[in-house]
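**Student:** when you get a sec, could you give me coordinates for this:
(one chain, ligands or ions: 1)
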Amino acid sequence: MQSRYQVEIEELSELLSGEPAFRSRQVFEGLHQGLKIPSEMTNLPKALRGRIDELIPPALTERVKLVGDKGATTKWAFALHDGAVIETVLMEYRNRVTVCVSSQAGCAMNCSFCATGQAGFSRHLTTGEIVEQVMVAARELAPRRLSNVVFMGMGEPLANYSNLIPALRRLAGPIGISARHLTVSTVGMVPSILKLADEKLPVSLAVSLHAANDLLRNELVPINKRYPLEVLREACAEYFDKTHRRISFEWALIDSVNDRDQDIVELADYAFDLHAHVNLIPLNPTPGYLVKGSRTERVRDFAKGLEDRGVTVTVRNTRGREIDAACGQLAGSQAVMIRSER
Ligand code: SAH
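**Tutor:** Residues are numbered from 1 along each chain as shown. As a prediction, the model looks like this:
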């Protein structure tokens, strides 16, 4: 299926074959640099704007848009052409603006504590569907500029590798977001991490670790049975060696499950050797997992324990809780609500 941000410039030239040769570039730049939709491209004849709108239709239809955190967080639920629903979250901070995009409708990774995993897998997103989420957010934000894109919405981006890479290239190329400000977050798909290291695309890599011993990680992040911690460690080391990008480990702190003193020691050992940074986030509650996030004091002590062992740590503040937009909560209420409406 052709869509607005899927089409390559050569394909655009073919679609506009009766037009002057410079039109395809004008349209491509208008879309990507100008953040314009065809009807706003006033440098084109009016009739042509309408034609382009039909030739390269948008891939996403806005179904729900919710605003939280006093205007600083916006969440969209978009319907795709086949009725699947995905979610995108825009987060404004003082010194940066981040959009969190989905890479799949649903997810097949089955992490026990994640709402998307609990709801199952529908399909991969196309490159155009991935990029369009960023463009909708960038248009919403203008004239402020979007600075970061994180692939931490629904889905496992490295399981959708063939659509992810062209999306990253388009974001880092014509759209102009620096590769280091693009963060691919993964459960630890080892073969794809190794491939990504060779792409000459120095994006940031976040690995959802959540446990640094195999027994516990098998339970929380089941892909660990296929790519256990030792194998994952080697892949992370290779990624760091080849890209010189420091890896970050995501760790959702779960009360009495992975916030014990023993977890501090195991995580510090694992992260220190890899020069990795640790992102802590208290677990957000989801309907299918009845364990709580760690208490604030425990989050603080856990962070301090890591720092004492020489590991750099950030405690992520939760955004969008009241609009079900927090980490791991996507695909919950909106998607279900929309499905039952149809
Ligand atoms: N599949 C990818 C990207 C999507 S999830 C990955 O797993 O990395 C983005 C992040 O949110 C991951 O670190 C994931 O483990 C985390 N997450 C999932 N459910 C969560 C929850 N309930 N609370 C906090 N973080 C959660």
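**Student:** show me the shaky parts of the stretch 51-200 of the chain.
**Tutor:** The model of the stretch 51-200 of the chain has no residue with pLDDT under 70.
**Student:** and stretch 78-92, how far out from the chain's middle?
**Tutor:** Averaging C-alpha positions (Cα atoms, centre = their mean, to the nearest Å) puts stretch 78-92 12 Å from its chain's average.
**Student:** residues in the stretch 201-342 of the chain within reach of the ligand, list them.
**Tutor:** Residues of the stretch 201-342 of the chain lying close to the ligand (Cβ under 6 Å from any ligand atom) are 208, 250, 252, 281, 283-284, 286, 327-328. Glycine gets a C-beta too; all of them are placed from N, C-alpha and C.
**Student:** just the ones in strands from those residues, please.
**Tutor:** Secondary structure from DSSP state E places 208, 250, 252, 281 of these in strands.
**Student:** any figure for the gap between the residue of the chain most remote from its centre and Ala47?
**Tutor:** Within the chain, the residue lying farthest from the chain centre (Cα atoms, centre = their mean) is Gly18, at 38.7 Å. The spacing between Gly18 and Ala47, counted by Cβ to Cβ, to the nearest Å, is 12 Å.
**Student:** repeat for Thr88
**Tutor:** 32 Å.
**Student:** now swap in Arg25 and tell me
**Tutor:** Arg25 sits 19 Å away from Ala47, going by Cβ to Cβ.
**Student:** also Thr243?
**Tutor:** For Thr243, the distance to Ala47 (Cβ to Cβ) stands at 47 Å.
**Student:** give me the more crowded residue out of these two.
**Tutor:** Thr243 (21 against 8; other Cβ atoms under 10 Å).
**Student:** now Ala268: which helix or strand?
**Tutor:** Ala268 is part of helix 261-273, with elements assigned from DSSP states H and E.
**Student:** so which residues make contact with that helix?
**Tutor:** Outside helix 261-273, the residues within contact range by Cβ atoms under 8 Å, 6 or more residues apart in numbering are 209, 211-213, 229, 233, 249, 251, 276-278, 302, 305-306, 309-311.
**Student:** 6 Å instead, please
**Tutor:** For helix 261-273, the external contacting residues (Cβ atoms under 6 Å, 6 or more residues apart in numbering) are 212-213, 249, 278, 305-306, 309-311.
**Student:** could I get the residues you listed as CSV with pLDDT, secondary structure and neighbour count?
**Tutor:** CSV is the format used below for the contacts of helix 261-273 (pLDDT from 0 to 100; DSSP: H, G, I helix; E, B strand; the rest coil; neighbours: other Cβ atoms under 10 Å):
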residue, pLDDT, secondary structure, neighbour count
Ala212, 98, coil, 22
Asn213, 98, coil, 15
Phe249, 98, strand, 22
Val278, 98, strand, 23
Gly305, 98, helix, 18
Leu306, 98, helix, 22
Arg309, 98, coil, 14
Gly310, 98, coil, 9
Val311, 98, coil, 22
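**Student:** which of those residues sit farthest apart?
**Tutor:** Asn213 and Gly310 (19.9 Å; Cβ to Cβ).
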